[in-house]
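S.K.: Provided below are the primary sequence and the corresponding predicted coordinates.
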Amino acid sequence: MRGECSNCTDLNMAETSELADKLSRQQKINEGEAKPTKVSQSVYAEFKEFSIQEIKEYRKVFQKYDVDANGFLDFTELKLMMEKLGEPQTHIALKEMIKTVDEDNDGSISFREFMLIFHYAKEGTLRVEGLKKIANCCDVTTEGVGGAKGFFESKAQALADQSKFEKEIKAEQEKKKLEDEEKKQRRAAFKEKASAFH
């Protein structure tokens, strides 16, 4: 009976601590000391400079190192990632890497924040060496980085990107239709063979 009360007390203390942390964070946001979490409808919509396939490849890389599959790279997972990439970092460098892209200040890197690494690299604004190494080691792009030199070139590129995005969606839809059709054909063939045994 005594052990149960001890467990209840530990649970209540953990809940109280979690609530205190949340209230403290909200207070910092209200006082302007912290930024509120940026909510984006989709990484595909936010990072238009990357194709759907590129983002999917980046997600695979992210998930590979998200060992506990909680949707975040914490300090230990980032450390492991850098070691596996052959670029081990110091404790301070790892903290700086997280701090650079951790917009919601939760001490870990979400997939959206992971995409910021490649966004900043593509913009040429990435300054932290460890993050530059991630961007270089995890380059899934097949196209070079090209910038528009003028307004009209920029507009033409935006239209081409939109068209590319639409083509990718249509290609994925066609692929799905073909897979569904093949599945139907396999089922029909199976039923035909199964009826021979009845």
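M.R.: Yep, it's here.
S.K.: quick check: next helix or strand after the helix or strand bottoming out on mean pLDDT in the chain?
M.R.: Of all helical and strand segments in the chain, the minimum by mean pLDDT, DSSP states H and E falls on helix 2-30, at a mean of 66. Once helix 2-30 ends, the next helix or strand along the chain (criterion: DSSP states H and E) is helix 43-46.
S.K.: give the buried residues for that following helix.
M.R.: Across helix 43-46, burial judged by 16 or more other CB atoms under 10 Å covers 43-44, 46. Just so you know, the C-beta spots here come from the backbone N, C-alpha and C atoms, and that holds for glycine as well.
S.K.: what sits up against that helix?
M.R.: 40, 52, 55, 111-112, 115 (CB atoms under 8 Å, 6 or more residues apart in numbering).
S.K.: give the contact list for the spatially most central residue of the chain.
M.R.: For the chain, the residue nearest the mean C-alpha position is residue 111 (2.0 Å; CA atoms, centre = their mean). Applying CB under 8 Å, 6+ apart to residue 111 gives the contacts 43, 59, 62, 71.
S.K.: state the pLDDT value of the spatially closest residue to residue 137 that is not a sequence neighbour.
M.R.: Leaving aside its sequence neighbours, residue 137 sits nearest to residue 85 (CB to CB, 6 or more residues apart in numbering; 4.6 Å). Note on residue 85: pLDDT of 86.
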